[in-house]
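A.B. asks: Give the three-dimensional model of this entry:
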Amino acid sequence: MTRSPFRRLVFGTLHRLLYLWVRSETINQSAFSLRLDRSKPVFYVLQLPSLSDLAVVDSECRKAGLPRPVLPVKLGGQEEPAAFFYLTPEPDWLGRQDKRGSSPTLARLVAALSQQAVADVQIVPVSVFWGQSPDRETSPWKLLFADSWAVTGRLRRLVSILMLGRKTRVQFSTPIQLRELVAQDKGHERTLRMVQRMLRVHFRQQKAAVIGPDLSHRRNLVKGLVHGPLVRQAIAEQAEREQIALEKAEAQALRYGNEIASDYAYTAIRFLELVLSWFWNKIYDGIRVNHIEGVQDIAQGHEVIYVPCHRSHIDYLLLSYLLFRNGLTPPHIAAGINLNMPIIGSLLRRGGAFFMRRSFKGNPLYTAVFNEYLHSLFSKGFPVEYFVEGGRSRTGRMLQPKTGMLAITLRSFLRNHRLPVVFVPVYIGYERVLEGRTYLGELRGASKKKESVFDIFKVLGALKQRFGQVWVNFGEPLKLAEFLDQQQPDWREQDHGAQFRPAWLNQATNRLGARVAQRLNEAAAVNPVNLVALALLSTSKLALDEPALARVLDLYLALLRAVPYSPHCTLPEGDGQALIDYVKAMDLLAEQRDALGKILYLDEHNAVLMTYYRNNVLHIFALPALLASFFQSSARISREQILRFTRALYPYLQAELFIRWDVDALEAVVDQWLAAFVEQGLLKVEGDAYVRPAPSSRQFVLLTLLSRAIAQTLQRFYMAIALLLNAGQNVISAEELEDLCTVMAQRLSILHGLNAPEFFDKSLFRHFIQTLQEQGVLRQDEAGKLGHHPQLGALVEGAARRVLPAELRLSIRQVAMDQGEEALEAV
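C.D. replies: Residues are numbered from 1 along each chain as shown. A predicted model of the protein is given here:
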């Protein structure tokens, strides 16, 4: 193209005409520039012949001060007329194109290196995407002509340039050092084929990472499901069980496949992006995204499974939107069949949602089809998203993981682990959740309502409220192969057929669920609403004067900066007073003035709702709050005693709140927190002991407020043990104790005015009882009744004296004693 004056003239004219209209930008220019060695010859490679793509690349190189692709390059004693080539050679004069052929320029580069004519050559793959700037696109009609996997002709490319030329992005990839490949000494032809194969794989992965995998064959994908070995077996069993023809059972499997499968369409994704851009800007003051760079680095070459926390129906829309805007493929999303509503369901399906029934029980054919569908997505490299919590958290806590999807993922990976799987935790933190009113009713005891298409109008009706900002933090990726290496080192040597169900799989799945939940909590975003809720809900009257509240918030910020929860956890900007002003502007704080100043408090409406936002970050404050609670009844405690009490109680807090630190690392973390307490004046060091401030001091008040963050959790633990001890040895089952705890908790919440609905959450009691069994504190007999160590009562009472007030312990024991027998008869 640039080998003659005429062709240079044509190219220059085309470039000038093109840039009368085209506007382009480069993705990750700085990262690429750092990896480019300017002392070595640079050649750019584009996937397909395209003068318009070449003109855009040349323009971006000129803007960045990079070597231009259309200029000659010295190559040893010779000169190459241009510094670019196409992976697929240009067609001849008759329009014929050898797609398997190799570029003459590439062949000359390999030959020059083989003959030692040049020390090294850098090959830079470059991709040009037309219409892939979602942050600037405003017309849904233009999206129809954006880049896709469809084969495009010159007419469509011309229309794309005219419609989308002002929204063009260029991506320079990491330079390939050609000397490293030639040095393998495989001969000229084999080296040439190796380089071409590497480039083909790169361009395909690059395109998949930006615009998504090729999903143009959904119908074939669904039809292919019935040919999977497990589905064929399930079809045969269904036909035999129902006494129907094999063809009829196969048709049933196809119907299940169509019910499940998404109908992913890029035009729908881009249309949703436009609608959601308006929606977010209308509702939120901003969306803060943190640590997405790690996902961009790992997306290529991995099967990515996004596992966000689930706080709102808009979680999956928000995540897909952010991934798309940051050049990543929106995932296929597991959605409950209840969301497959008229109009909404169809749009969600085209946006990547695939639908699943709430229960697979009693339908082995549906189970087989669903498992095969997910296996197809995983093995083909489509990014997938599902919620390990199963449903939305109504209390703001991380729910116990539902391991069904994780088990399917594990079995699929064991069946075919050619493509490495990585879980990407995504923490989504709201300063005000859209479903707040609904959750408020449910927190007060109302039954959960079924989703309806009319719910969207209720949301739109709430747009007058201020919803603040949304924080989206991407956590540390979890590689499945590395996890399995830790759990089952010989997993690669075992038989991984379609029917493979190893004995260790259930335990590994449960541990994987806990690990994912911990990684999610590690990425928590602490926002102003979280901290204000934590501070005010720790007071007896849900109120503080403004200077006192500012001091509490400043303390919390100082502690979290001194002992960061994790590298992926984020904190708000500003001091305590700035946080107060922000939360007041959101109408979440009530205010009363008197002669001494302002008193800030939570009114009845917000008091219960704020427990939701406090619970978002309770896991971060659980350990320091536990340490602070030791000093409520003791003025002086040795370091060894602190460690002993902490080791005794921490496993139950960790299991319930998915705290990140293992017991082995606990000693070092406790020392860090104690040092932070000393620095903030909450404790003093005297020899090997820690001493609390005087009870009349301001520091002791701050220490007390911090301890109350975890008080209700410790009260639940004590109550469950008290009820168990009152029932006696081998008298009550785990299920009966769980029901009894729930009844007693509801009674205590009324007697003591507790405003935390999770205090009588049955699932929390269930998990606590399970943890007691796992720790060996409880054991079941043959009849399923619970037994315990004879010294359990003395041990628990000794620990409780350290962390619970005497009057509260007495009240719990009295309620358990007076009402336990009556409640036990009821259950």
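A.B. asks: which residues of the stretch 451-600 of the chain fall in helices?
C.D. replies: According to DSSP state H, counting those that start in this stretch, the stretch 451-600 of the chain carries its helices in the segments 455-461, 480-487, 505-522, 528-536, 546-562, 576-585.
A.B. asks: which stretch in those helices has the least confidence?
C.D. replies: The weakest mean pLDDT among the helices of the stretch 451-600 of the chain belongs to helix 455-461, with a mean of 54.
A.B. asks: Next, the residues that contact the helix or strand residue 701 falls within from outside, please.
C.D. replies: Here residue 701 sits within helix 698-707, counting by DSSP states H and E. Under the contact criterion Cβ atoms under 8 Å, 6 or more residues apart in numbering, helix 698-707 has outside partners 535, 538-539, 551-552, 555-556, 621, 624-625, 628-629, 631-632, 677, 680-683, 692-694, 803. The way it works is simple: take the backbone N, C-alpha and C, and place the C-beta from them, glycine included.
A.B. asks: Which strands or helices does the next helix or strand along the chain from it pack on?
C.D. replies: Where DSSP H and E defines the elements, the next helix or strand beyond helix 698-707 is helix 711-727. The elements that helix 711-727 packs onto, with contact taken as 3 or more Cβ pairs under 8 Å, 6 or more residues apart in numbering; DSSP states H and E, are helix 618-629, helix 639-657, helix 734-751, helix 762-774, strand 786-788, helix 792-803, helix 806-826.
A.B. asks: Looking at the longest one now, give me its mean pLDDT.
C.D. replies: Confidence over helix 806-826 (mean pLDDT, whole number) is 67.
A.B. asks: Repeat that for the first one.
C.D. replies: What helix 618-629 shows for mean pLDDT is 97.
A.B. asks: for it, the distance to its chain's centre please.
C.D. replies: For helix 618-629, the separation from the chain centroid amounts to 24 Å (computed by Cα atoms, centre = their mean, to the nearest Å).
A.B. asks: how far off helix 528-536 does it point, in degrees?
C.D. replies: Compare the direction of helix 618-629 with that of helix 528-536 by axes from the mean of the first three to the mean of the last three Cα atoms, to 10 degrees and you get 30 degrees.
A.B. asks: what sits up against helix 618-629?
C.D. replies: With contacts defined as Cβ under 8 Å, 6+ apart, helix 618-629 is touched by 397-398, 521, 524, 526, 534, 556, 559-560, 563, 565, 569, 642, 646, 649-650, 653, 657-659, 661, 669-670, 673-674, 676-677, 682, 703-704, 706-711, 713-714, 802-803.
A.B. asks: now do 7 Å
C.D. replies: 397, 521, 524, 526, 534, 559, 565, 642, 646, 649, 653, 657-659, 669-670, 673-674, 703, 706-707, 709-711, 714, 803 (Cβ atoms under 7 Å, 6 or more residues apart in numbering).
A.B. asks: List the buried residues in it.
C.D. replies: The neighbour-count check on helix 618-629 (16 or more other Cβ atoms under 10 Å) flags 618, 619, 620, 621, 622, 623, 624, 625, 626, 627, 628, 629 as buried.
A.B. asks: and residue 670, what is it in contact with?
C.D. replies: Contacts of residue 670 (Cβ under 7 Å, 6+ apart): 627, 642, 643, 646.
A.B. asks: do you know how far it is from residue 634?
C.D. replies: Distance, residue 670 to residue 634, using Cβ to Cβ, to the nearest Å: 16 Å.
A.B. asks: go on, residue 255?
C.D. replies: The spacing between residue 255 and residue 634, counted by Cβ to Cβ, is 67 Å.
A.B. asks: and if you look at residue 366?
C.D. replies: Per Cβ to Cβ, residue 366 is found 58 Å from residue 634.
A.B. asks: Among these two, which residue is more densely surrounded?
C.D. replies: residue 366 (23 against 15; other Cβ atoms under 10 Å).
A.B. asks: Go ahead and confirm the more buried one touches residue 256.
C.D. replies: Yes - using Cβ atoms under 7 Å, residue 366 is in contact with residue 256, at 5.1 Å.
A.B. asks: Point out the most buried one among the helices of the stretch 451-600 of the chain.
C.D. replies: Most buried of those by mean neighbour count (mean count of other Cβ atoms under 10 Å) is helix 528-536; its value is a mean of 27.
A.B. asks: Show me the contact partners of that one.
C.D. replies: Contacts with helix 528-536, where a contact means Cβ under 7 Å, 6+ apart, come from 431, 542-544, 549, 552-553, 556, 572, 579-580, 582-583, 588-589, 602, 610, 613-614, 616-617, 621, 705, 709.
A.B. asks: try 6 Å
C.D. replies: Residues outside helix 528-536 that contact it (Cβ atoms under 6 Å, 6 or more residues apart in numbering): 431, 542, 549, 552-553, 556, 572, 579, 582-583, 602, 610, 613-614, 616-617, 709.
A.B. asks: what helix or strand is residue 731 on?
C.D. replies: Here residue 731 is assigned to no helix or strand, by DSSP H and E.
A.B. asks: leaving aside the residues next to it on the chain, what's closest to it?
C.D. replies: residue 785 (6.2 Å; Cβ to Cβ, 6 or more residues apart in numbering).
A.B. asks: and which of the buried residues of helix 618-629 is nearest residue 35?
C.D. replies: Distance to residue 35 across those (Cβ to Cβ) is lowest for residue 620, with 37.3 Å.
A.B. asks: Can you get me a residue count around residue 358?
C.D. replies: Close neighbours of residue 358, defined as other Cβ under 10 Å, add up to 10.
A.B. asks: Please apply the same query to residue 273.
C.D. replies: Residue 273 has 20 nearby residues by other Cβ under 10 Å.
A.B. asks: For it, what is the enclosing helix or strand?
C.D. replies: If you go by DSSP H and E, residue 273 is part of helix 266-283.
A.B. asks: Give the next helix or strand downstream of that helix.
C.D. replies: Using DSSP H and E, the helix or strand that follows helix 266-283 in sequence is strand 286-290.
A.B. asks: ok, now which ones touch residue 556?
C.D. replies: Residue 556 touches residue 531, counting by Cβ under 6 Å, 6+ apart.
A.B. asks: For residue 709, see how far away it is.
C.D. replies: 10 Å.
A.B. asks: Low-confidence ranges, the stretch 651-800 of the chain, go.
C.D. replies: Along the stretch 651-800 of the chain, the model assigns pLDDT under 70 to residues 752-757.
A.B. asks: repeat that for 80
C.D. replies: Scanning the stretch 651-800 of the chain with the threshold set as pLDDT under 80 gives 747-760.
A.B. asks: Got the domain ranges for this protein?
C.D. replies: 5-211, 218-522, 617-827 (automatic domain parsing).
A.B. asks: Same list, these, but as JSON lines with distance to residue 596 please.
C.D. replies: Output for these, formatted as JSON lines (distance: least, Cβ to Cβ, whole Å):
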{"stretch": "domain 5-211", "distance to residue 596": "50"}
{"stretch": "domain 218-522", "distance to residue 596": "29"}
{"stretch": "domain 617-827", "distance to residue 596": "16"}
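A.B. asks: which stretch among those domains comes nearest residue 594?
C.D. replies: That would be domain 617-827 among the domains of the chain, by Cβ to Cβ, at 20.1 Å.
A.B. asks: Next one, pLDDT for residue 147 please.
C.D. replies: 53.
A.B. asks: got a list of what residue 83 touches?
C.D. replies: Going by Cβ under 6 Å, 6+ apart, residue 83 touches 43, 69, 73.
A.B. asks: Please name the nearest non-neighbouring residue to it.
C.D. replies: Closest to residue 83 by Cβ to Cβ, 6+ apart is residue 73, at 4.5 Å.
A.B. asks: now swap in residue 393 and tell me
C.D. replies: The shortest distance from residue 393 to any non-neighbouring residue, by Cβ to Cβ, 6+ apart, is to residue 399 (5.2 Å).
A.B. asks: can you pull up the bridge partners for the residue at minimal distance from the centre of the chain?
C.D. replies: Nearest residue to the geometric centre of the chain (Cα atoms, centre = their mean): residue 426, 1.9 Å. Bridge pairing for residue 426 (DSSP bridges) gives the partners residue 308, residue 474.
A.B. asks: hang on, it packs against residue 308?
C.D. replies: Yes - here residue 426 reaches residue 308: they are 3.9 Å apart, a contact under Cβ atoms under 6 Å.
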